[in-house]
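In: Quick one, fold the following:
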Amino acid sequence: MLNNVQIDLLKKHVGPFLFCFTTLMFVLLMQFLILHVDKLVGKGLPLTIVIELILNNLAYMVVLAAPMAVLVSTLIAFGKFSEWNELTAIRAAGINPIKLIIPVIGAGFILFIFMGYFSNYVLPESNHKARSLFIDIRTQKPAFDLQPSTFYHDIEGYTFWIKEINSQTDSLYDIRVFQEPSDTKHRTTINAERGWLESPNDVTLTLYMLNGSSLRIIPGANQTEATIERSKFDKYRMTFDLSELSFSRSNPSQRSRTDRTMSAEAMLAVVDSLNEEKANELEKFKKNISQSVSIPFHFEPARMFELDEETVADTLQIFESRFAVINELPNPTTKVSSLNRAMSVLDKYRPELESLETNLSWRNTRIAEFMIEVHKKLSIPFACVIFVLVGAPIGMLTKRGNLGFAAIISSILLTIYFLAVIQGEKLADRQLISPFMGMWGINIFYLLIGIILILHVSSSIRITKLFQRNEKA
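Out: Predicted structure coming up:
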């Protein structure tokens, strides 16, 4: 059972945790909106779609914000506890400070279990729905989004290039329109000095062009030479149907999933399949080599009285090889011939070996990507426990429980933590380190630091004293 001091210490975590969690969620949400505001504003998207997209992206923010809020709240709670001399009173009463940390560690484990479940089951589904919505918005744009000096291909059968766009008057300058051939239209290139766009409704768009020319290619009958038709115009009008560009919602279940949209169980099943494919590829390669590679070679030990002068002179030459079997052959000519035959066979099967290497490398890369995500689903939530182990003794030692000081300390620790996670993921993707070390390395490092600091505040053990004893010894 918890005593009054432990309960009071846990209560001191609640307020700072909720405040920090809400603040971090707001900051992450603003960051998301700043990055993607151009995809959401001015596109004519239904408000419900925008709200759903934001809600689905809140899932990854929760996974990031919870451990960070734990660190800040732990620093504040234990900092205040020490600042108000409550820690001194506890020690005077003969109570070990570690007893104050244990309930908070237990709360961190409970939060870790919840966040682990959330990261494994809720986050992938939210990522999948958000990804599907982003694809729908990107591939089915609800507006004619021309950019200066940029090719625009989103209207089927047409490519547009505009050198300059006046946003105040909606005037277009130096216009190029490339019309692809179809059953009812010929390949045409249209150039105009200037023009403008008019849209009477959401599904129709009219492009007016002034002072230009068109070049139409009319293919001849029966694949004969084409006819090029050139014409000039003072004013030219083109009308486009934008009904296919209006936003339509697809079914997320019909889209393929990536490593960030799958649960750990699903990814481990894929990893098992990839390992089985690797084994099958190796077995297939060994079988092909064993069945097809044969170097027929027989020789009779030469008798001296059967050799002519040229052969005898050849046997007196020295030809040393690093292959012991080659050195057992009777003369250099035979040795060189055997090596040439072996190299010929190896060159014959070099493409198969390179194909095997490519296939295995691709599967190893995919396995690494999946295993990184599997470990990440637990390593980041486990930071809820790690940050308690690190934050509690730091708060006791600093004896400052204000938000500003906690924010500075937590900023340093969180920056190191997430930089290590990002770099660990990159190194694991390149297969320079294992996925486990890439995702858990920083947790292990902080765990060791936390244990050392807890021993420092709860016992007389000091690392410096241990080093001094070793030097004396």
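
In: How is this protein divided into domains?
Out: As assigned by automatic domain parsing, the chain contains the domains 4-139+374-463, 158-245, 261-354.

In: Looking at the ones you listed, which is nearest to Thr150?
Out: Of all the domains of the chain, the one in closest proximity to Thr150, counting by Cβ to Cβ, is domain 158-245 (7.5 Å). From N, CA and C alone the C-beta is placed, and that goes for glycine too.

In: Now that closest one: average pLDDT?
Out: The average pLDDT for domain 158-245 rounds to 82.

In: Please apply the same query to stretch 17-35.
Out: 92.

In: Kindly reformat the domains of the chain as JSON lines containing mean neighbour count and distance to Tyr152.
Out: As requested, the domains of the chain are exported to JSON lines (neighbours: other Cβ atoms under 10 Å; distance: least, Cβ to Cβ, whole Å):
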{"stretch": "domain 4-139+374-463", "mean neighbour count": "18", "distance to Tyr152": "14"}
{"stretch": "domain 158-245", "mean neighbour count": "14", "distance to Tyr152": "4"}
{"stretch": "domain 261-354", "mean neighbour count": "12", "distance to Tyr152": "30"}
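
In: Among those, which comes closest to Trp362?
Out: domain 261-354 (9.3 Å).

In: Spell out the secondary structure type for Glu229.
Out: Look at Glu229: counting by DSSP: H, G, I helix; E, B strand; the rest coil, its state is strand.

In: With distance to Arg363 as added columns, please give the domains of the chain in TSV.
Out: What follows is the domains of the chain, written out as TSV (distance: least, Cβ to Cβ, whole Å):
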stretch	distance to Arg363
domain 4-139+374-463	12
domain 158-245	39
domain 261-354	5
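
In: Grab the CA positions of the helix or strand Leu172 falls within and hand them over as PDB.
Out: Here Leu172 sits within strand 171-179, counting by DSSP states H and E. Only the C-alpha atoms of strand 171-179 are listed here, as PDB (Å, rounded to 0.1, in the frame of the first residue of the first chain):
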ATOM      1  CA  SER A 171      -3.300  36.900 -65.800                       C
ATOM      2  CA  LEU A 172      -1.100  34.300 -67.400                       C
ATOM      3  CA  TYR A 173       2.000  35.100 -69.600                       C
ATOM      4  CA  ASP A 174       4.000  33.000 -72.000                       C
ATOM      5  CA  ILE A 175       1.600  30.000 -72.100                       C
ATOM      6  CA  ARG A 176       2.400  26.500 -73.500                       C
ATOM      7  CA  VAL A 177      -0.300  23.900 -73.800                       C
ATOM      8  CA  PHE A 178       0.500  20.300 -75.100                       C
ATOM      9  CA  GLN A 179      -2.500  18.300 -76.100                       C
END
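
In: Partner strands of it, with direction?
Out: Neighbouring strands of strand 171-179 in its sheet, by DSSP bridges, are strand 158-166 (antiparallel), strand 187-201 (antiparallel).

In: what sits up against that strand?
Out: 146, 157-166, 185-197, 207, 209, 212, 238 (Cβ atoms under 8 Å, 6 or more residues apart in numbering).

In: and what of stretch 225-241?
Out: Stretch 225-241 has contacts (Cβ under 8 Å, 6+ apart) with 144, 155, 158, 177, 190, 192, 203-220.

In: switch the cut-off to 7 Å
Out: Stretch 225-241 is contacted by residues 155, 190, 192, 203-220 when judged by Cβ atoms under 7 Å, 6 or more residues apart in numbering.

In: Just the ones of the residues you listed in strands?
Out: Counted as lying in strands by DSSP state E, out of the contacts of stretch 225-241, are 190, 192, 204-218.

In: Phe445: which of the strands paired with strand 171-179 is closest?
Out: Across the strands paired with strand 171-179, closest to Phe445 is strand 158-166 (Cβ to Cβ), at 52.6 Å.

In: And the helices in the chain, which stretches?
Out: Along the chain, counting by DSSP state H, helices occupy 4-40, 47-83, 86-92, 98-117, 123-139, 264-292, 309-315, 324-327, 332-348, 350-398, 403-429, 435-458, 463-472.

In: Pick out the shakiest of the ones you listed, pLDDT-wise.
Out: Comparing mean pLDDT over the helices of the chain, the weakest stretch is helix 309-315, at a mean of 46.

In: Chain neighbours aside, what residue packs nearest to Val104?
Out: Counting by Cβ to Cβ, 6 or more residues apart in numbering, Val104 lies nearest to Val388, which is 5.3 Å off, once chain neighbours are set aside.

In: residues touching the one you found, list them.
Out: Residues counted as contacts of Val388 (Cβ under 7 Å, 6+ apart) are 70, 74, 104-105, 108.

In: All set, thanks.
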